[in-house]
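coordinates only, sequence not included:
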C-alpha cells in the first residue's frame, strides 16, 4: 500500500484536534533501592500482587513482595536504566499477555512482545489475559481419552500420551529431549494439515526458558522447514533475559494456550525446560529475600510447577454449561510436555522428583542409550505413562501390548547372556527378537510416523516376522515395509489411521501376509 | 507520597509508642516541638551518621545526646532517648521525628503533598489549590511548593501516593503515546 505524506499529516492533524487531555491521576511510588533485577519501591499503597508497574524509560516490573513499608518488584527488561529515587507508576493491571490467533507463527517474549521482526501483533486489549489463571475445576474436566501422537514409535507404542496429559521428558544434557518435543510438534501437522483455521489442527506452544538464543533460532528454522510454524507459537525467554522473564515465560505460554483450549481447541505445550525456570525463580526469590529451603529453592517451588502443570487438562464437553464465562466451547485440551534436565542421571534431586510427582508419567532419556545409537534414547524400563493407555488407539494397544515385556526380558537376558556361552534355544530366540525390536524402535529426527505406519512396523517386530532379517537391516526393512504397505494396501493403512479401528484377525492376517511378501522381495 | 523520607518499620514502631505516650499524657505539643528540634539537628547528615557509627560506643552516643539536649526536652522525649540507648537502637533516632510527624498528621487529619509547577506560584494560588484538595479529600491538605522547570506549564500534585498530573509535559507525553499508536 502506498502511503502519502499528506494523508499521514491529515490523520495526525485529526488526532491532535480531537485530543483532549484532562488532568490524570495515577498511583505512584519511589524506588528505594535497585539492583540485580529487583527494585524496592516505597509507596504504591494500593498495589496488587503480580501487578505490572511502570518505571521511567519504559521498563516494566512486576510486584511480587507486598511488605509492610515497601513493595518488592522484579524488573522485566531494560533494568539498567532504573535508578534510586525514580518515580514508579502502578498500572492497575495484573501482568497479562496478548493471546489469540495473531500469535500463531510468531516468536514472542514472556510479555508477548514480538521478537521476530515481523511487525506488531495487532491484538486488542480484549485479547489480553492474565498469565496466572486458575486451573479448570474437577467438574469441568474429563479423563484423558484421545491420543496425542508424538509420531515416535518408542513413545506412541509404549508410553502413549493422551490429550490433556502432562508427560515429563527427563534426561541429562544432550540426550535428545528437545528433539522429542520438536518431533511431537511437527507430527501435529497430520491432525489438521497444518492449517490453524481447521478445528482439528492441534495448536502448539513452544516455551523456551533459559535456552541459548541459537537453539531457539534452530528450533524455529526446523519448524519452518517442516511447515509447522503456522500452528505454533514460540515464547522465548532466552538465557540472556532477566531471570523474572524466564520464570514467567511458562505462565505466559500457558495463558496463550488457554485461549485456544477454552474455545474447544487442542493444544500441545512444550516447556523447555522447567529446570532453568526453577533456577530463575530461585534467583529472583533469593534477591527478594524470601527464605531459602532445600537446594536454596524457596518453599513454594513445588507450587511453582504444580500450579503451572495443573492448567494442562482435558475439558469436559459440557464445560461451557458449567462455566459459560470462561469457556466458549467444550472438549478442548492442553497437553504438556515439560522438560527437565538432570545432572548425571540423578532423578532424585529436588526439582526432578517434584515434577515427576506432579506429571502423569515420564519419558526417561539416557546418555548411554543415546550414545550407543539408540535414538530416541528412551529407557522403556523406567518410562511410564500413567493415563495415556486409555488414549491409545485399540489397534496400537493390541499390537504394542507385548513390546514392553519383550524388551524387558531382552534387557535382563542380555545382561545374563554376557556371562554364559551355552544358551538354550528359547533364550537365544528372546535375544534375537529383542535385538530386532530395539533396532525397530530407532527413528530418525524430524521423521514422525503416522499411527498406521507405527502399527504395521511394530507388528512386524512383535509377530516375529523380523526374526530372520539381519539385525542391521531392520530400520531399512521397517521403512521399506511402510512404503510397501502404503502403495499396496492403502485401504488398510487408512483404516489403521482411524482412532477407533480394532486390530481384528483379518487385519492381522492381511498385514502378516503383506509382511511375508515384502520380506521375500527385500534385499537387506 | 508524603514528603518525608522513608521511615523503617522499627522506627515507626518507636514513633507510635512515643506518640501514644504523648497523646495519653497530653503533651503532644511539647513533644512535637522536641521532635522538630531533633529533626533540625539531624537534617545534618554528619550528626545522623554519628549515631549509626559502630565505632562510637552506645553509652558515648547517649552521653553526647544528653549533653546536647539534656534538660531541654520534655520528659517523654527524654525517656525515648533513654529507651533507644538501652535497646541499642540510637541509630533509629533521626527517623523518629518523621514517624512522629506522620502519626500527628493522621491524628489531626492532615495530608501533606508536593506541588510542582514550572514557575513559582504565589501563596494565593497555592491556598486555593489546598482548599480545593481539602474539600475533595475531606482532610486538611498542606502542599510543599517545588519548581520543576521541565513541566513547561500547569501543575502536578502528589498527595498520599496519588499523582494528579495537569502539567503541560504530562499532556504532551500522552499526546505522544496517542500519535505513536495511530493506525495509518
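Nice, I can see it. In this text the structure is predicted, and so the values were computed from the model without any measurement. Residues are numbered from 1 along each chain as shown, chains lettered A, B, ... in the order given.

all strands for the stretch 201-350 of chain A, in order.
Under the criterion DSSP state E, counting those that start in this stretch, the stretch 201-350 of chain A contains strands at A:203-209, A:232-237, A:266-272, A:333-341.

cool, and chain B?
B:110-117, B:140-147, B:154-159, B:162-167 (DSSP state E).

Save those strands as CSV, and put in mean neighbour count too.
Every residue, glycine included, has its C-beta placed from N, CA and C. Below are the strands of chain B laid out as CSV (neighbours: other CB atoms under 10 Å in any protein chain shown):
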stretch, mean neighbour count
strand B:110-117, 20
strand B:140-147, 16
strand B:154-159, 22
strand B:162-167, 20
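
Identify the residues contacting the closest residue to chain A within chain B.
The nearest approach of chain B to chain A comes at residue B:166, 3.5 Å away (CB to the nearest CB). Shown in contact with residue B:166 (CB atoms under 8 Å, 6 or more residues apart in numbering or on different chains): A:22, A:23, B:154, B:155, B:156, B:157.

if we go to 7 Å?
Applying CB atoms under 7 Å, 6 or more residues apart in numbering or on different chains, we find residue B:166 in contact with A:23, B:154, B:155, B:156.

Poorly predicted segments of the stretch 101-250 of chain A, please.
For the stretch 101-250 of chain A, no stretch has pLDDT under 70.

Please apply the same query to chain B.
Where chain B drops to pLDDT under 70, the residues are B:1-5, B:183-184.

where does it come near chain A, residue by residue?
For chain B, the contact set with chain A under CB under 7 Å from any CB of the partner chain comprises B:1, B:6, B:8-9, B:158, B:161-166, B:170-171, B:174-175, B:178-179, B:182, B:184.

What about residue B:26, how many residues nearby?
Using other CB atoms under 10 Å in any protein chain shown, residue B:26 has 8 other residues around it.

quick one: it from residue B:105, how far?
Applying CB to CB, to the nearest Å, the value for residue B:26 to residue B:105 is 19 Å.

swap in residue A:484?
The spacing between residue A:484 and residue B:105, counted by CB to CB, is 89 Å.

Find me whatever residue is spatially closest to residue A:361, sequence neighbours aside.
Excluding the flanking residues, the one nearest residue A:361 by CB to CB, 6 or more residues apart in numbering or on different chains is residue A:385, at 3.9 Å.

Tell me, how many residues neighbour residue A:488?
As a burial measure, residue A:488 scores 13 neighbours (other CB under 10 Å).

Need the nearest residue in space to it, chain neighbours excluded.
Among residues not flanking residue A:488 along the chain, residue A:514 sits closest, at 6.7 Å (CB to CB, 6+ apart).

which residues touch the one you found?
Going by CB under 7 Å, 6+ apart, residue A:514 touches A:484, A:485, A:488, A:489.

With residue A:360 instead?
Contact partners of residue A:360, counting by CB under 7 Å, 6+ apart, are A:165, A:166, A:167, A:385, A:386, A:387.

Which among those count as buried?
The neighbour-count criterion (16 or more other CB atoms under 10 Å in any protein chain shown) marks A:165, A:166, A:167, A:385, A:387 among the contacts of residue A:360 as buried.

now these in a markdown table, with secondary structure?
Output for the buried ones among the contacts of residue A:360, formatted as a markdown table (DSSP: H, G, I helix; E, B strand; the rest coil):
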| residue | secondary structure |
| --- | --- |
| A:165 | coil |
| A:166 | strand |
| A:167 | coil |
| A:385 | strand |
| A:387 | coil |
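
which two of those lie the greatest distance from each other?
Using CB to CB, the buried ones among the contacts of residue A:360 span at most 10.4 Å, a distance reached by A:166 and A:385.
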